[in-house]
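Peer 1: just coords:
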Ligand code: SF4
């Protein structure tokens, strides 16, 4: 089977598209392999575009095994688009808690409201209308439409970028414009006439189970004999590795301000990490010479909340990462000694027993579990 290679001076291109005989064989093999090997996942038992949409959003940046439980709980709480649209954002975030990238949840919620307001609560079928919804880009729209009703839509995401790069022996950077154009074009050309949804899922499954980033399982791959990267032994070089993230270290302090059986929580603003979620007052650890750390944290707490506090013991240090930041977070107890909260409803006293009802950041939840039992 010919995998034609263009004699080209475009070193980024690396390969021409395979011929139609290659395409036909590839489609047959990949579909047959998927029929035998598809994992039984809850979102694969339905063609309801709403359920597929929720699964696709959750699967962005999150592993399948983690998503399964969240997906089932979410659909139990909000079985339809109308139920999701009618929910309070806090409820939605509470169900999303721990999945991270909370913007996804807020956009899902916002999009459900658009669908109710503009499409009578039915998921739209027009590509433009789908892509106009908050949080839905070209990939997600293609996944929903192809899996939901076999629309002839290609998909390109982390798994298929890797699979296609290898099938084309593409030596350029697949994240750059030229690479994206080439791979989207291949994703379109390679589509079969029927069973588009199945085919797209098969490609993603191949990428997640066989054609994995490091040490792909070429010996089990159904398209091994069609793959130039396998033939050339270039699996470690294709696709071009992503540039390494440069991490920045940050030192922060969280303060559990307590008065009896209540503590102070603050809702993160729209431009902050964890926008919409609740957290304990948190400050960069200052490095100002002169004042002690406790004086500085007491002053910062007063500025933020209006309350006078006396800093107590350090309860723990939590190390965690958020995007490119590696954060060392020192957690302190503090007693309320005077003053009242202002009118800002995003800073409030919360009963310790009611913390479970609030959507908290992951570290916020960890901090809530540090509160000594004696105060419960
Ligand atoms: S043969 Fe190997 S590199 Fe090629 S598609 Fe299959 S798993 Fe990926």
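Peer 2: Everything's here; your move. Being a predicted model, the structure only gives us computed values, none of them experimental.
Peer 1: ok, and the closest non-adjacent residue to the residue in the stretch 51-200 of the chain positioned nearest to the ligand?
Peer 2: Residue nearest to the ligand within the stretch 51-200 of the chain: residue 166 (4.1 Å; CB to the nearest ligand atom). For every residue, glycine as well, the C-beta is placed using N, CA and C. Residue nearest to residue 166 in three dimensions, not counting chain neighbours: residue 229, with 4.0 Å by CB to CB, 6 or more residues apart in numbering.
Peer 1: burial count for the residue of the stretch 51-200 of the chain closest to the ligand?
Peer 2: The criterion is other CB atoms under 10 Å. On that basis, residue 166 has 24 neighbouring residues.
Peer 1: Need the per-residue pLDDT for the residue nearest to residue 166.
Peer 2: pLDDT, the model's per-residue confidence, is 97 for residue 229.
Peer 1: Next: residue 288.
Peer 2: At residue 288, the pLDDT value in this model is 68.
Peer 1: shift numbering so it begins at 58
Peer 2: Renumbered: residue one is now 58, and that last one reads residue 345.
Peer 1: one step back: the ligand versus the residue nearest to residue 223, what's the distance?
Peer 2: 5 Å (CB to the nearest ligand atom, to the nearest Å).
Peer 1: ok so, going back, secondary structure element for the residue of the stretch 108-257 of the chain closest to the ligand, which one?
Peer 2: Counting by DSSP states H and E, the element that carries residue 223 is helix 215-224.
Peer 1: What average pLDDT does that helix get?
Peer 2: Helix 215-224 shows a mean pLDDT of 97 in the predicted model.
Peer 1: That helix - contacts with which helices or strands?
Peer 2: In terms of contacts (3 or more CB pairs under 8 Å, 6 or more residues apart in numbering; DSSP states H and E), helix 215-224 is packed against helix 234-246, helix 253-266, helix 285-289.
Peer 1: Please point out which parts of the helix or strand where residue 372 lies sit buried.
Peer 2: Remark: residue 372 resides in strand 365-379, with elements defined by DSSP H and E. Residues of strand 365-379 classed as buried: 366, 368, 372, 375 (neighbour count, 16 or more other CB atoms under 10 Å).
Peer 1: try stretch 249-257
Peer 2: Counting neighbours by 16+ other CB under 10 Å, one finds that the buried residues in stretch 249-257 are 249, 252, 253, 254, 255, 256, 257.
Peer 1: and that stretch, how far out from the chain's middle?
Peer 2: In terms of CA atoms, centre = their mean, to the nearest Å, the gap separating the centre of stretch 249-257 from the centre of its chain is 25 Å.
Peer 1: how about the longest helix that the chain contains: buried residues?
Peer 2: The helix of greatest length in the chain, counted in residues with DSSP state H as the criterion, is given as helix 77-94. When burial is assessed from 16+ other CB under 10 Å, helix 77-94 yields the following buried residues: 79, 80, 83, 84, 86, 87, 88, 90, 91.
Peer 1: which parts of the chain sit against the ligand?
Peer 2: Within the chain, the positions lying close to the ligand (CB under 6 Å from any ligand atom) are 220, 223-224, 267-268, 273, 275, 278, 280-281, 284, 286-287, 292.
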